[in-house]
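S.K.: Predicted model and sequence follow; I will ask about them next.
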Amino acid sequence: MVTLPYHITINQVGSKTPIPFKSSSHSEWNHNDGITMQELIDNYSPEFSQDAKGSLYKPLIHGNLQTAYTALNFDGIHHVNFHRHMLHYSDGGIGALDISVSPEVFQEELDLTYIPETQQQFPEPLDQFYSYIRPDHHSLSSMDEKPMMIILHGVTGGSWASYGRPLILELMNKRGFECCVLNNRGCNYSKITTPQLYNGGWTNDVRHMVKELRKMYPKRKFYMVGFSLGATIMVNYLGEEGDNSDIECGIALGNPWDMVHSTFFVNNTFIGSKVYAPTVAKNLANIAKDHLNILTQNESLKEIYETKLYKFANFEEFDDQLTAPMFGYNTANEYYRDAGSVNRIMGVRTPILALNSMDDPVIGADALPVKEIALNPYILLLETSIGGHVAWFLDGYGNRWYTEPIGRFLEAFHKEVVSKALKPDLSKICLPINNSRPVKTTYRQ
């Protein structure tokens with residue numbers, strides 16, 4: 001069979017001894033082989049099986065074209081309605097948790113009179129799809145047992161990001177999931193209250209949010225998806241939590257596992273150095289600009305905010321001058337070395353399905369941590385031959401190749417593993433030594 005440039009092929013990277021999930025009943029434990037993540041994929045999401053082949057959007061024949069297509073405006077499709085619930089962090093900061101609701105519920109419960117004191121009205125066209133929700137609203141407390149997906153977005157994204165909305169619709173409308181998105185501080189028209197933003201190792205807000213959700217929905221099972229930097233944060237979080245994780249399964253798309261290498265990679269390709277790295281720097285500067293009245297309260301960084309904000313040639317310079325000192329690092333590279341999620345792989349004890357494209361022009365693919373992943377049977381990496389950076393466009397209308405198979409996999413994992421109370425059988429599994437340490441900025445519990 002001839003392989004054309006738009007054909008996508010899967011290579012699975014994982015342990016040679018996958019973890020089987022079995023019934024915890026003593027009468028059944030020794031009398032069945034259980035089911036593995038790989039078997040769930042083969043049965044329910046064959047697009048992700050070893051050597052599976054498919055097709056992406058024909059005109060986008062390599063990673064740069066796939067990635068460039070993400071810059072188009074997809075506001076006209078995949079509409080999702082959100083109720084925004086404000087989180088209050090222990091350091092005095094505020095976070096925005098967007099909980100997806102059906103259009104009918106959104107219209108029935110629309111309350112344009114309520115805007116939290118620290119926040120602002122949503123701009124057009126988002127005002128058609130977002131509303132703030134009062135902290136005592138009935139929907140913020142439920143004893144139902146629905147599965148709930150928690151989404152962590154990319155570096156300057158949010159709940160309106162075009163890569164996340166199709167997956168939310170898939171999970172809500174077809175798979176029976178509730179969904180929510182944690183916006184990083186200052187992202188997606190949320191206002192900050194302390195002179196701090198976020199970074200790839202900042203897991204404290206995720207940890208706070210999961211605990212809040214657990215109080216609100218004590219019987220729900222939680223799942224998590226991370227896109228790009230959100231995938232880094234997710235893997236860091238799950239690696240830190242280890243056996244104490246409250247997440248049933250995670251999905252990591254386009255994770256820059258080794259932030260030192262991915263930064264070096266993007267800065268040393270022509271398009272990366274001229275387009276991708278400067279674009280991310282500009283987007284970061286735009287977020288900072290919207291919060292200068294608060295960020296400049298940090299006297300040590302005030303002059304940089306006021307004189308250099310739009311002069312950074314790439315995001316490494318932004319991180320070197322602003323992100324690193326904001327979080328107690330000396331340099332961007334020190335931050336990258338500490339916060340790279342490759343450092344937390346050995347601590348993961350939550351099943352993770354990861355997708356990375358081998359033609360990703362933003363983070364590269366020649367330094368994926370395949371040896372580390374192969375040692376931890378809780379993680380299964382899918383290397384796709386094409387797909388760009390968190391792109392994987394199926395057609396010209398903004399539909400993504402990963403949406404439906406991820407939806408089917410998660411539905412199957414919930415029904416076949418979690419709902420049946422299956423547990424990982426580690427009797428024949430050799431887990432790696434957990435030499436990982438928490439990110440430097442993680443609050444000690």
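M.R.: Looks like it arrived, so ask away. This is a predicted model, so every value here is computed, not measured.

S.K.: lowest-pLDDT helix or strand in this structure?
M.R.: In the chain, the helix or strand scored least confidently by mean pLDDT, DSSP states H and E is helix 26-29, which has a mean of 53.

S.K.: Summarise which helices and strands whichever helix or strand comes after it is packed against.
M.R.: Downstream of helix 26-29, the first helix or strand assigned by DSSP states H and E is helix 37-44. The helices and strands touching helix 37-44, judged by 3 or more CB pairs under 8 Å, 6 or more residues apart in numbering; DSSP states H and E, are strand 379-384, helix 403-413. Quick note: C-beta positions are derived from backbone N, CA and C, even for glycine.

S.K.: Mind doing that once more with 10 Å?
M.R.: On a contact count with 3 or more CB pairs under 10 Å, 6 or more residues apart in numbering; DSSP states H and E, helix 37-44 meets strand 7-13, strand 21-23, strand 352-357, strand 379-384, helix 403-413.

S.K.: Dump the ones you listed to CSV, plus distance to Phe129.
M.R.: Below are those laid out as CSV (distance: least, CB to CB, whole Å):
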stretch, distance to Phe129
strand 7-13, 31
strand 21-23, 38
strand 352-357, 27
strand 379-384, 31
helix 403-413, 19
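
S.K.: Mean neighbour count, mean pLDDT and distance to Asn32 added to the ones you listed, as TSV?
M.R.: Below are those laid out as TSV (neighbours: other CB atoms under 10 Å; pLDDT from 0 to 100; distance: least, CB to CB, whole Å):
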stretch	mean neighbour count	mean pLDDT	distance to Asn32
strand 7-13	17	98	23
strand 21-23	20	96	6
strand 352-357	25	99	23
strand 379-384	23	99	21
helix 403-413	22	99	17
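
S.K.: can you pull out the helices in the stretch 51-200 of the chain?
M.R.: Using DSSP state H, counting those that start in this stretch, the helices assigned to the stretch 51-200 of the chain run over residues 63-69, 103-108, 165-174.

S.K.: tell me which element the residue most central in space within the chain falls in.
M.R.: Nearest to the mean C-alpha position of the chain, counting by CA atoms, centre = their mean, stands Gly226 at 1.3 Å. Secondary structure from DSSP H and E places Gly226 in strand 221-227.

S.K.: Show me what that strand packs onto, helices and strands only.
M.R.: Judged by 3+ CB pairs under 10 Å, 6+ apart, strand 221-227 is in contact with strand 147-152, helix 165-174, strand 178-183, helix 204-216, helix 229-241, strand 247-253, strand 352-357, helix 403-413.

S.K.: what comes up buried for stretch 291-307?
M.R.: His291, Ile294, Leu295, Thr296, Asn298, Leu301, Ile304, Tyr305 (16 or more other CB atoms under 10 Å).

S.K.: Am I right that the fourth one is in contact with Lys302?
M.R.: When you say that, I think you mean Thr296. Yes: counting by CB atoms under 10 Å, Thr296 does reach Lys302; the two are 4.5 Å apart.

S.K.: for the stretch 301-445 of the chain, which spans come out with low pLDDT?
M.R.: For the stretch 301-445 of the chain, applying pLDDT under 70 flags the ranges 444-445.

S.K.: quick one: which of the buried residues of stretch 291-307 is nearest to Ser25?
M.R.: His291 (53.5 Å; CB to CB).

S.K.: mind checking how far the residue nearest to Asp359 when sequence neighbours are not counted is from Tyr402?
M.R.: Spatially, and ignoring its direct neighbours in sequence, Asp359 is nearest to Gly63 (3.3 Å; CB to CB, 6 or more residues apart in numbering). Computed with CB to CB, to the nearest Å, the distance linking Gly63 and Tyr402 is 15 Å.

S.K.: okay, the two: which has more neighbours?
M.R.: A direct count of neighbours by other CB atoms under 10 Å for Gly63 and Tyr402 places Tyr402 higher, at 25 against 22.
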